[in-house]
Each structure stands twice: as C-alpha cells, then as structure tokens.
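Trainee: Just the structure for this:
(one chain, ligands or ions: 1)
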Amino acid sequence: MDTNPQPKPGSNGPQTALRQLADSASMLAWMPEPRSEEELRRREERLRSLMDLSTDWYWETDEDDRFTFISDSMQRLIGLHPSIIIGKTRLDLAIDHSHPDLVKCCEKVARREPFRNIQYATNLSANGVMRYTSISGEPVFEDEVFRGYRGVGRDVTAEVDVATQLSLLAAENKALVENSLDIMMLFDKTGKILRVNEAVMDVLGYQPVEVLGKRYLDFIVAEDREKTRTIGARLNRDTNTIRDVEFRCACKDGRVVHLSLSVRWSDDRRLTYATARDLTGRYRARAELDKSNKRLFSMLESIGDAFVAIDREWRVTYVNRRTARFIGRRRDALIGKTLWEAAPELLTSSVFAYCRKAMETRRNTFFEVYYEAAHTWIEVRAYPYDGGLSVFFHDISARRAAERTIRQSEQRLREVIELTPAGYLLADAQSRLVAVNPALCDLSGYSEEELIGESMTRLFPSYPGASAASVQENAASAHGMEATLRHKHGHLCYVLINANTFRDAEKNTLSLTAFVTDITQRKQAEARLEQLATRDVLTGLPNRAALNEQLQSMLDASQQQSVAIMFIDLDRFKEVNDSMGHEPGDVLLREVACRLQKSTRPNDIVARLGGDEFVVAAPCSKGAESAAKIVGKLFAALAAPVDIAGQEVFVGASIGISMFPQDGQTKELLFQNADTAMYRAKAAGRNGYRFFEAEMSVEAKTRMALEHALRRALERGEFELHYQPRLDLKTMAIVGMEALIRWNHPQLGRVSPLQFIPIAEERGLIEAIGQWVLEEACTQTRRLMDKFGRSLRLSVNLSARQLRSADLPQQVAACLNKTGLPAHLLELELTESALIEDMEISTAVLKELKTLGISLSVDDFGTGYSALAYLRRFPLDTLKLDRSFVNQENGEIDSLKFIKAFVDLAHALNLSVVAEGVETKETLQCLREASCDEAQGYLFARPLPFNALEEFLSRLPAHEPNH
Ligand SMILES: Nc1nc2c(ncn2[C@@H]2O[C@@H]3COP(=O)(O)O[C@H]4[C@@H](O)[C@H](n5cnc6c(=O)[nH]c(N)nc65)O[C@@H]4COP(=O)(O)O[C@H]3[C@H]2O)c(=O)[nH]1
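Mentor: Below you'll find the predicted structure:
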C-alpha cells in the first residue's frame, strides 16, 4: 500500500520518481524505452520490488529542502514510517549540525550540486536510539528551474558501530602495548627491529626511534649473542614459540641488564614477535640472597658456638666447624646422619629431650645442661623452622665458673657488710631502703625491720642525695660527703657518706649503695680545734686568723658601704699586768673583751690580736659619723673601773680608726692604717681616738724607709757616738759622760735616736746596735782615760729589748774585758718601762749585771710610772730625773721643794740622783740646793762628737788620775 500521499518534486507521481531513480541508479540504463503502458507498469512494478529488496530507501526534497517523498522501504529497513519525516528538513533530523559531512552536504545543496555518501547521525529511530545515515542525492531541475533534490539513503548504524569498536580495540591494543613494562618488538627474518614499544626506553634507556631498523643482536652483550643465535636457529627449525631465554643487554648508559626473552613467529612466519622482560631486579635479589647466604655460612663457621641444622627427619643437614670439634667427629661423618647416629651420646643427655620438645611445639627453646661427654656446661638454643631445627651449643663453663665466683664473693661481701663497723645501706630508685647492716641499725637506733621500706630522707635530713628525685637524676653519688643522721631518739649524729648509684644501659638509676661512717667524735674534735684555731683562748673572742676571715666576709658583703676598723690598745696595761701579776691582768682583759662585745652589735666583729690589742669592725651606714658614735660607746664601756681582787683599776685605751673603702680596699691596708692611726692616738696623749689620715700613711712610709736603711746602717758605719758630759754638783767637776748614738743617714742626714731607736727595737735590730754602742763607747772612754790619765764614768743607754736578752751580762763582761774599762766606771741606763715590762726577768738580769761591778740607773725618771716603791725591788744605783721633771715651770719654790723631796727620798733609798736637761743657772741652783748629786745639760755641754769631747776634756784643768 502506498502510504506516501505527499506532493512530489516532479509532476508525474511515484512512478516517474521510481523511473528517475532507476535512471539515476543506472540500474536500468540498459533497458529499452517501454513500448506500452503495460510494459511501463510492469517495469515500475519490478523497480518497486527491486527497491523493496534494496538496502536503500528513495527520497525526494522540495526547493526548501523539505522531504516530500520517502520510499516505503524505510519502514522495512529502520522501522520508521516515512510519514514521520515528510515535511522535515535534513537538518531537523541531524543530531550534530556541525558534523563535517553535513556541513559539506549543505554547501553542495546551496550550490545545487550532487552529493555522495554523506554520513551523519540522525534521530531516525523507532526506539529513540541514534542512527547513522548515509545519503547520496542530486538536484532536480524542470525546465531549468530547481525543484529540489532526490536520492537514496541507507542506514549505516551497524557499520559505524563496528568501525567504532574496531578503532576502540585498536586503541586498547596500542595502550596495552605501550603501557607494557616488558619490551615488545616486531622484527623481520634478518632480526631487524620493525616496531618496538615505549618500554625499551624504561629498560634500556633508548627512545624507540633509536632502535628501529637496527638488529636486536646489536643490543645483546657479546658473551650472550651466540646463545640468542642458537635460539633463532631453533625457532626456525623446530618450533613456533620459544619462551624465557635469559640473556644480558647493554643499556644506553652502559649498564647491563638481565632480560628474559620470549619469541613467536607470525602466522605467515615472515615476522617475529618478541617480548623481553627485565629480570635485573630478580637477579640482584638473587645475588643478594647468595651473598647473604654466604655471609650466614661464614658467620656460622666463625662463631664460637657449635651449630647443627637438622631436618624434620632428624637428619643432620649442616654442622659448622666448631660442632665437629665439639662432638669430636669429622663434618662429613655427621652430615646426612640422623642425630642419634651422628652423636648417640646426645640422646642420653637431656639435650635430645629439649630438642624434641622444640621440634614438636615449634617454639624456640633455650636451656642449660651439663654435657657429660665433654665435661662442660652448655647453653642450648633450639630454633624450629619449617624444614627442621637449628640448634646452637654455647660453652658456658667459664660463665658458670664466674657466676660461682660471683656468688662466693657476694657471700663474702655480705659477711663483710654484716661485720663492718660502718653503716651500709642499699636503696631502690625511689630512695627506699632495701637492705641495711647491723652497724647502720646501731648508728640510727632503729631495727632492720623499722628501716626497710623507709625513705632515706628520714635518716639523712641534710644529705641532698637522699631524695628520690636526686637518686633518679643520679645526683646522689657522693664521696666523702659529710651529712647528719637523725637518730631514732631525735638527736643528730655527724656521718660521712660514700654513695654510689647503679644505672642500666639507658642510664636509669636502679639502686643506690652507701657506706655511712659515724664521724661525730671527729667533728667534735674538729669543732674544738676550730675553736682553738680561731678563738683567743683567754677571752673567747675571734683571734687574728678569724678576724681576717670575718672581716673579709664583712667587706665582701658591704657592697662598698662604709665599714670602720678600730684598733684598740689599752693604755698602761703592761704596768697593771706587771705590778699586779698575770692573773689580774687576765681578768682585766676578759672584762675588757666582755665590755667591748656588749657595746657592739651582734654582727659587728670584736677580736683580740694578742696582748692588750683589740679590734672592733663595724658597718657604718653614716660613715665616720657612725664610727665616732661607736668609738664613743667603746670609751663609755671602758670608763667604769674594773674590780680586780677588790682593787679598782681604770683602763684607758687608744683607738685608731680606718674606714673602708676610703682608707683602703684590702683588709691588710685597713689594718695597717688603723694601726698607724692608733699609734697617732697614743702619741697624741692616751685615752683618745684618731681617724686615719692620708698623711699618716706618709709617716708610715717614712718609717718603713728608715727601717730598711737601718738594717744596713751598722755595716755601712753610719753610726757614731756623741757624748754629753756629766758634772758632780758639789765639786762642779766633770765625772763622766753619757754616750748618745747618732745616725748619719747618707740622704736624710742626721736622724734622731728618738726616731730610729723605737724602730730598731721593734724590728729586732737593737741588740746589734746596742752591742756596737757599748763596745764603741767603752773603747773610746778607755782611750780618753788613757789619754788624759783620769777616770771617766761612762753612761750607756740600754733598751728594754736588750734587757730581755739572756746573755746581756756575758756581753757586758766580754766588752769590759775586751776594752779594759773598769766595771765600776760603766753605768747602764734603763727606762722605767723597760724595767717593769717583765719585772722578774729585769730583776734577775740586773742582779747578774750588778755582780760584774757596774752601776745601774733609771733613765727619764718622772715620765713613767714613777713609783719609787717598786724600784726597791731592783739593784739600782742612780735615778736620772727627766728633763721635764727638772724644768718644771710652776714656780721656783715649789720646784725646789718638789725636787728636794724627791732627792731626799732617793737618798733614803740609797740612790744617787742625776738631773738631766739642765739648761739654766736657776735650775742648776735649784738642783744644788736640793742636794742633787750630778747633772748634765746644755748649760754645761751639748752632746759632743768624740773629737769635740776630747778637746772639751783637754781644756779642763788637770785632774788627779784616779784609776
Ligand atoms: N732639750 C734638752 N735636751 C737635752 C739636754 N741635755 C741633753 N739633752 C738630750 O736629752 C737626751 C738624753 O738622753 P736620754 O734621756 O737617755 O734619751 C735618749 C735615749 O733614750 C735614746 N738614746 C740615745 N742614744 C742611745 C743609745 O745608744 N742606746 C739607746 N738604747 N738609746 C739611746 O735616745 C734619746 C734621745 O737622745 P738624744 O736625742 O741624744 O737626746 C739626748 C740629749 O741630747 C738639755 O739641756 N736640753
């Protein structure tokens, strides 16, 4: 049935259209023109059935390119009725208007040109599936007027699908080849590489183009080429396929890789397909395995242990060299044998039982046994594995012996610890006591049960290492550390701790051991010694050493704030001491110490340097002002009389003060300056104080320079003697003279004896100087006596220190002997203070001197203690009245009375009196009236050098020689 009711592009309906189609298809071109309607109808009928058989359909479009006719065959071919398409344009049916074929078709249509095989995707589908259509068409003109197009269409969906799948397959294959890790090649019969994949780059480092056209043999290392050639021959001869032939190839960078090659003929045997797999990694792993096996075996051979490998049938598969020696059989006699064949003696020991257990349980088993056959202890380690058992035998005889030794030594150590008099403790890492010995129990008063588990801090409160933290931080180790131990009864004992911590490999503390020695007695003795070393025994005050230390600390802590250092020297203490005895003197010193301490603050320093010298050091916030206040308090404290054995004694003091920091930065300088200031205070009149002044230090320096020069003065002959004549006041005749030393310093000129004699005394030079004076004076006097043939009484000054020298009488005797001066013409002058410094010694020496026949006089009488009473104790002959005494200015009458009373008293004591320093006639008169015996002074003569004296004597009227 014709279901095509549409208008036609031509005017003749479908028949004409079919004919035209037949014409255009040239299918019927050979047919003659129909001779009748009938023939035309039959021919059309044939054409229609031809169309029905065709895989194409016929179509026509109008001038607007709309379909006007579609042959019914479309329904048959793609299941769509042509009426669905009639009226639509080609573009209405196309899915993709930009498809190149469709674009080309549109261009041709626009130019009214025929088109062929235009293939494009359409929505021509009964079930909505996209279909591909291929169309061919030509334009139709009637009377040269364009009427549209006609042509045939064909469904090419199946072909397109096949083509698509084929191209997908090709792409997959390509990807498969290109992504393969194996090299894939195609080469021809000559071995020339025709194709190769990218893997050649990864494996050999060549780009595919670099190998194309080359022979595959060229890449194989020389040694393996022959092997690959024979493969080629085999492939040619016997088989289509050869697999897994291993050979080596040279890479582009020179490396050699191991490859496994598989080759196959193509079906037509013209080409060869080959794949090559990189086995280098596997080779390397195998080589490593070989190496490691070799290492393992060399290790097994070198170890000191015996090693046996047994398979699951108990057959020995390997023994090392040591095993052979251990079992006492050759290695080849053991391998392959069962264990009981190889070493039957093992069966009798427990070794076999343990090994069987390891084999059965498949568990590593370690045990120690005594191996009778070898008379040795062995440690056996059996390691089961899939194939059997590996067994190590380790000789532990030495270790066993060492352990036994350790056990014995531990036992001995325990016994020693039990017996040792020192306390012993073992504490854990938490500082808890784990073990103690009886000595520690005795020392602490606790029983062992009471101590175990207790913290060390309970026993040792002052030992920093006792805490758990310090034990763990390894800060508890101590060698000879002194600490205190708290006894159960609460009191503290002094102990010496030697402690050691034990740590594991990670340095964690495991335990602490300590020996604790009781040093309480030693500490007490030390404290006593310390007391003795640092305290003045008499007063309990710090001594010189302690003062040094304490003052240094005070200065260090002062932060440059003022500190006053006060040197205190008691006035006339010696006189008190000597007149009243040592005991009262000690009482006085103790009282002074006590008063000084009471009048100072607890942090101030009060020290005794020795004798009657004290030092007070005190921080002074207001500098000298504070120091003056402190000194005021000290004087006030000393002002009250001290009651000694019922007698009231007044103590005065001279105080010298140096201030830190201005008077000195070091304690030595401060001491020196305070000392200087103290001497100045003394010199200025007693019971006073002086602050140090810079000029004093100049004096001190001068004094030092003098001292230095004085040491050499004697040997350099810088001393000379002057003599002051002495007169008998009754006859007014010269009876003798006093020798007075003079020092002619090369730079300083004449230095007064008042200046250098005290230094010479202080520095121990006076003995030598005194000796020189005595000898020189005796010699010169003897010379004068011989010259003038008259007696002259020589008076020589003696210092206090000379009086202390035990051999003074011998020296004097020797001198008299040597010079020939008669003893009775020699008078030794002693000062009051020298006499009373140590009355016992003085008395003894003077008595001895007296036995020589010499005279003794007291010089400067009236300036010192001036107590005639005590002079009775000494064997004295003469009192020399001091100048100040003689030249008193309080009225003539009073002086006269005073001197007279004194002279009378002296005479009553059988002492003659010599007046010194007589300068005026009035004084002379006064002295004569007072019956004074002798006199000297500027009125008669100044001290004269030897030559001047000689001259002086020569001018005197002649005198009867009296010796
Ligand atoms: N103003 C005044 N002074 C007079 C007068 N007549 C004498 N003098 C001085 O008075 C001092 C008397 O000596 P001194 O009292 O024993 O005092 C001596 C004596 O203690 C000591 N001295 C001198 N020579 C020696 C010596 O060889 N050995 C010792 N140990 N001491 C000596 O040095 C002291 C001072 O001696 P010099 O300077 O020589 O001083 C001498 C003398 O020069 C006078 O009329 N008016």
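
Trainee: Doesn't Arg742 belong to a helix?
Mentor: No - looking at Arg742 with DSSP: H, G, I helix; E, B strand; the rest coil, it is strand, so not inside a helix.

Trainee: how much space between it and the ligand?
Mentor: In this view, Arg742 and the ligand are 7 Å apart by Cβ to the nearest ligand atom, to the nearest Å. Just so you know, the C-beta spots here come from the backbone N, C-alpha and C atoms, and that holds for glycine as well.

Trainee: and that residue, what does it touch?
Mentor: 719-722, 750, 753, 945 (Cβ atoms under 8 Å, 6 or more residues apart in numbering).

Trainee: Tell me the buried residues within the residues you listed.
Mentor: 719, 721-722, 753 (16 or more other Cβ atoms under 10 Å).

Trainee: now, which of those lie within strands?
Mentor: 719, 721-722 (DSSP state E).

Trainee: now those residues in JSON lines, with pLDDT and distance to Glu832?
Mentor: Shown next, in JSON lines, are those (pLDDT from 0 to 100; distance: Cβ to Cβ, whole Å):
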{"residue": "Phe719", "pLDDT": "96", "distance to Glu832": "26"}
{"residue": "Leu721", "pLDDT": "97", "distance to Glu832": "24"}
{"residue": "His722", "pLDDT": "97", "distance to Glu832": "24"}
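
Trainee: give the contact list for Ala468.
Mentor: 429-431, 455.

Trainee: Just send these back as CSV, with pLDDT, neighbour count and secondary structure too.
Mentor: Output for the contacts of Ala468, formatted as CSV (pLDDT from 0 to 100; neighbours: other Cβ atoms under 10 Å; DSSP: H, G, I helix; E, B strand; the rest coil):
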residue, pLDDT, neighbour count, secondary structure
Ala429, 85, 16, coil
Gln430, 87, 13, coil
Ser431, 86, 23, coil
Ser455, 90, 15, strand
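
Trainee: where do the helices sit along the stretch 551-700 of the chain?
Mentor: 573-580, 582-598, 624-639, 667-683, 694-713 (DSSP state H, counting those that start in this stretch).

Trainee: and the last one, how far out from the chain's middle?
Mentor: Right, helix 694-713. Offset of helix 694-713 from its chain centre (Cα atoms, centre = their mean, to the nearest Å): 52 Å.

Trainee: cool, stretch 350-361 as well?
Mentor: Distance, centroid of stretch 350-361 to centroid of chain: 56 Å (Cα atoms, centre = their mean).

Trainee: Mind listing what's buried along it?
Mentor: Neighbour-count burial for stretch 350-361 [16+ other Cβ under 10 Å]: 351-352, 354-355, 358-359.

Trainee: Pull the residues that contact it.
Mentor: Taking Cβ under 8 Å, 6+ apart as the criterion, the residues outside stretch 350-361 that touch it are 310, 312, 339-340, 346, 364-365, 367, 369, 371, 378, 380, 382-384, 388-389, 391.

Trainee: could I get that stretch in PDB with only the CA atoms?
Mentor: In PDB, the C-alpha atoms belonging to stretch 350-361 read as follows (Å, rounded to 0.1, in the frame of the first residue of the first chain):
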ATOM      1  CA  SER A 350      68.600 -34.000  78.200                       C
ATOM      2  CA  VAL A 351      69.600 -32.200  75.100                       C
ATOM      3  CA  PHE A 352      67.700 -34.500  72.900                       C
ATOM      4  CA  ALA A 353      64.500 -34.300  75.000                       C
ATOM      5  CA  TYR A 354      64.600 -30.500  74.800                       C
ATOM      6  CA  CYS A 355      65.200 -30.500  71.100                       C
ATOM      7  CA  ARG A 356      62.300 -32.900  70.600                       C
ATOM      8  CA  LYS A 357      60.100 -30.600  72.500                       C
ATOM      9  CA  ALA A 358      61.200 -27.600  70.400                       C
ATOM     10  CA  MET A 359      60.600 -29.600  67.200                       C
ATOM     11  CA  GLU A 360      57.100 -30.700  68.400                       C
ATOM     12  CA  THR A 361      55.900 -27.500  69.900                       C
END
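
Trainee: Do me a favour and average the pLDDT over it.
Mentor: Taken as a whole, stretch 350-361 has an average pLDDT of 88.

Trainee: for stretch 216-229, same thing?
Mentor: On average, stretch 216-229 scores 85.

Trainee: please begin residue numbering at 581 from this point
Mentor: Fine by me, first position is 581 from now on; the one you just mentioned is stretch 796-809.

Trainee: ok, and for that stretch, which residues are buried?
Mentor: In stretch 796-809, counting by 16+ other Cβ under 10 Å, buried: 796, 799-800, 804, 808.

Trainee: State the pair within these that is farthest apart.
Mentor: Tyr796 and Asp804 (11.8 Å; Cβ to Cβ).

Trainee: Could you pull up phi and psi at Glu893?
Mentor: When read as degrees, to the nearest 10, the backbone of Glu893 gives phi -90, psi 20.

Trainee: so it makes contact with Thr918?
Mentor: Yes - between Glu893 and Thr918 there is a contact under Cβ atoms under 8 Å: 7.1 Å.

Trainee: Settle it for me: which of those two has more neighbours?
Mentor: Each of Glu893 and Thr918 has its neighbours counted (other Cβ atoms under 10 Å); Thr918 has more, 14 against 9.

Trainee: how close does the residue in the stretch 1131-1280 of the chain that the ligand sits nearest to sit to Ile1077?
Mentor: Closest to the ligand within the stretch 1131-1280 of the chain is Ala1263: 15.7 Å, counting by Cβ to the nearest ligand atom. According to Cβ to Cβ, to the nearest Å, Ala1263 and Ile1077 sit 58 Å apart.

Trainee: who has more neighbours, those two?
Mentor: Ile1077 (23 against 10).

Trainee: Please report how far the more buried one lies from Glu724.
Mentor: In this structure, Ile1077 and Glu724 are 135 Å apart, going by Cβ to Cβ.

Trainee: sec struct for Thr819, please.
Mentor: coil.

Trainee: Can you list the residue ranges for strands in the stretch 581-730 of the chain?
Mentor: 636-641, 647-650, 695-702, 711-722, 725-735 (DSSP state E, counting those that start in this stretch).

Trainee: The shortest one packs against which elements?
Mentor: In other words, strand 647-650. strand 636-641 (3 or more Cβ pairs under 8 Å, 6 or more residues apart in numbering; DSSP states H and E).

Trainee: Just give me how far the strand it packs on sits from the chain centre.
Mentor: On Cα atoms, centre = their mean, the centre of strand 636-641 falls 105 Å from the chain's centre.

Trainee: Let's see that strand as CSV, backbone CA atoms only.
Mentor: Extracted in CSV, the C-alpha atoms of strand 636-641 (Å, rounded to 0.1, in the frame of the first residue of the first chain):
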residue,chain,number,x,y,z
ASP,A,636,18.5,1.8,0.5
TRP,A,637,15.4,3.9,0.5
TYR,A,638,14.5,6.5,-2.0
TRP,A,639,13.8,10.1,-1.1
GLU,A,640,12.9,13.5,-2.6
THR,A,641,13.0,17.0,-1.3
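
Trainee: Surely Thr1503 is in a helix?
Mentor: Yes - under three-state DSSP, Thr1503 falls within a helix.

Trainee: Quick check: it vs the ligand, distance?
Mentor: Taking Cβ to the nearest ligand atom, one finds Thr1503 at 9 Å from the ligand.

Trainee: residues near that residue, how many?
Mentor: 23.

Trainee: wouldn't it be in contact with Phe1465 here?
Mentor: No - using Cβ under 8 Å, Thr1503 is not in contact with Phe1465, being 10.9 Å away.

Trainee: any idea of the pLDDT on Val725?
Mentor: 92.
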